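In: structure for this input, please:
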Amino acid sequence: MRTDNFDFDLPTERIAQEPAVPRDSSRLLEVFPDRLRDRMVLDLPTLLQPGDLLVLNDTRVIPTRLRGKRGDAKIEVTLHKLTNENEWYAYARPGRRLRVGDTIDFADGFSARLLEKRDGGEVLLKMISATGNLMDALLAHGEMPLPPYIERAGGNRPADGQNYQTIYARNAGAVAAPTAGLHFTDDLFAALNARGIGRTYVTLHVGAGTFLPIKSETIEDHRMHAEYGVLSVETAARINQTRAQGGRVVAVGSTSLRLIETAAQDNGEILPFESETDVFITPGYNFKTVDLFLTNFHLPKSTLFVLVSAFSGTERMKSAYAHAIEKAYWFYSYGDCCLLHPDEAT
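Out: Numbers count the residues shown, from 1 in each chain. As a prediction, the model looks like this:
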């Protein structure tokens, strides 16, 4: 299947640079197999049914963007995957003149040694903190790793540290936010509770690869990035119970959906899971457990747009995105969202 099938034109002015305030004031496009409906995130309790179950990703974004120096040269580093104790794959800019063995200094007592250079500006770094606690060093000197399409002249703003984090984030390890979850507030959760809509949590540590476009001519040749996830015994039981009682499983975000489907058996039963997943969901995939899908608007030719096309149909999603552009919805991480019903053909 050609990657060009998942391309579309998006005006750059539709890319959200700021989050909605309050979070639940974002717009929501409900996508049915035969129609579209313009709503608001605040309407979500009325769009779901008592007995439905939201599954949210409680990963916590860590401040992995670092500004340092190699000698007099300024280097920006974004850590994106922990491979061993204090060893991280990272992107370095500019990385062309970096050499194996070089040291990048971020602050007194906090530096990195370059162990390996890879393609596309990727490097392997040994992180060195004088205190021995890398997380403390990142919290003290790192910035939130906002995606490249959110432009911040002069670096991040202090508010991004809170805005680019869900209100329920608790398990540190992500280098990108599960952005569908950014729309939830305590008030919205209270309204969902009052409606009889439950929620449970999984953990999938989102990697920087979530932003990468598919570069191969066909989606079959794309190599999916692996991400570490945990779906607990308690969450598995909650999902299975919901399905047994006739409730619907609502995945909040692509990371939740991918982890649920990774842990699902052919009959839809969920088993506990703790490992990496590199599942790449493409059109023709048989969804085993997820009934509804809440997600933001995604990049052209991305694995995420392929995923929503698999769930609701490629032409249906192209039509929905064209409608969203015409109606001035905001796109990407700080943007609006859509509630997807499955394609009747799946």
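
In: what comes up buried for stretch 272-288?
Out: Along stretch 272-288, the positions that meet the burial threshold by neighbour count (16 or more other Cβ atoms under 10 Å) are Phe273, Thr277, Phe280, Ile281, Pro283, Phe287. Glycine gets a C-beta too; all of them are placed from N, C-alpha and C.

In: which ones are touching the second one?
Out: By Cβ atoms under 8 Å, 6 or more residues apart in numbering, the contact set of Thr277 is Leu204, Ala226, Glu227, Gly229, Arg258, Leu259, Thr262.

In: okay if I get these as JSON lines plus pLDDT, secondary structure and distance to Pro33?
Out: Converted to JSON lines, the contacts of Thr277 look like this (pLDDT from 0 to 100; DSSP: H, G, I helix; E, B strand; the rest coil; distance: Cβ to Cβ, whole Å):
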{"residue": "Leu204", "pLDDT": "97", "secondary structure": "strand", "distance to Pro33": "28"}
{"residue": "Ala226", "pLDDT": "87", "secondary structure": "coil", "distance to Pro33": "32"}
{"residue": "Glu227", "pLDDT": "91", "secondary structure": "strand", "distance to Pro33": "30"}
{"residue": "Gly229", "pLDDT": "96", "secondary structure": "strand", "distance to Pro33": "29"}
{"residue": "Arg258", "pLDDT": "97", "secondary structure": "helix", "distance to Pro33": "22"}
{"residue": "Leu259", "pLDDT": "98", "secondary structure": "helix", "distance to Pro33": "25"}
{"residue": "Thr262", "pLDDT": "97", "secondary structure": "helix", "distance to Pro33": "25"}
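
In: so who does the nearest residue to Gly209 once chain neighbours are set aside touch?
Out: Distances taken as Cβ to Cβ, 6 or more residues apart in numbering put His225 closest to Gly209, at 3.0 Å, once the chain neighbours are dropped. Under the criterion of Cβ under 8 Å, 6+ apart, the contact list for His225 reads Gly207, Gly209, Thr210, Leu212, Asp278.

In: in a markdown table, list the residues you listed along with pLDDT and distance to Val308.
Out: Formatted as a markdown table, these follow (pLDDT from 0 to 100; distance: Cβ to Cβ, whole Å):
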| residue | pLDDT | distance to Val308 |
| --- | --- | --- |
| Gly207 | 87 | 19 |
| Gly209 | 72 | 17 |
| Thr210 | 70 | 14 |
| Leu212 | 74 | 17 |
| Asp278 | 93 | 18 |
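
In: derive a ChimeraX selection command for the buried subset of those.
Out: The following ChimeraX selection, which keeps only the buried ones among the contacts of His225, applies the criterion 16+ other Cβ under 10 Å:
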select :207,209,210
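
In: could I get the pLDDT score of Leu192?
Out: Note on Leu192: pLDDT of 98.

In: closest to Arg93 out of the buried residues of stretch 272-288?
Out: Using Cβ to Cβ, Phe280 comes nearest to Arg93 of these, at 27.6 Å.

In: surely that closest one and Ala310 touch.
Out: No. Proximity of Phe280 to Ala310 does not meet the contact threshold set by Cβ atoms under 8 Å, at 9.6 Å.

In: helices of the stretch 51-200 of the chain, residue ranges please.
Out: Remark: helices of the stretch 51-200 of the chain, listed N- to C-terminal, are 134-141, 160-163, 186-195; assignment by DSSP state H, counting those that start in this stretch.

In: Throw those helices into CSV and include distance to Arg60, thanks.
Out: Output for these, formatted as CSV (distance: least, Cβ to Cβ, whole Å):
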stretch, distance to Arg60
helix 134-141, 11
helix 160-163, 12
helix 186-195, 18
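
In: need the ones you listed in JSON lines (columns: distance to Asn57 and mean neighbour count).
Out: Supplementary listing: those in JSON lines, determined by distance: least, Cβ to Cβ, whole Å; neighbours: other Cβ atoms under 10 Å:
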{"stretch": "helix 134-141", "distance to Asn57": "20", "mean neighbour count": "16"}
{"stretch": "helix 160-163", "distance to Asn57": "17", "mean neighbour count": "16"}
{"stretch": "helix 186-195", "distance to Asn57": "15", "mean neighbour count": "14"}
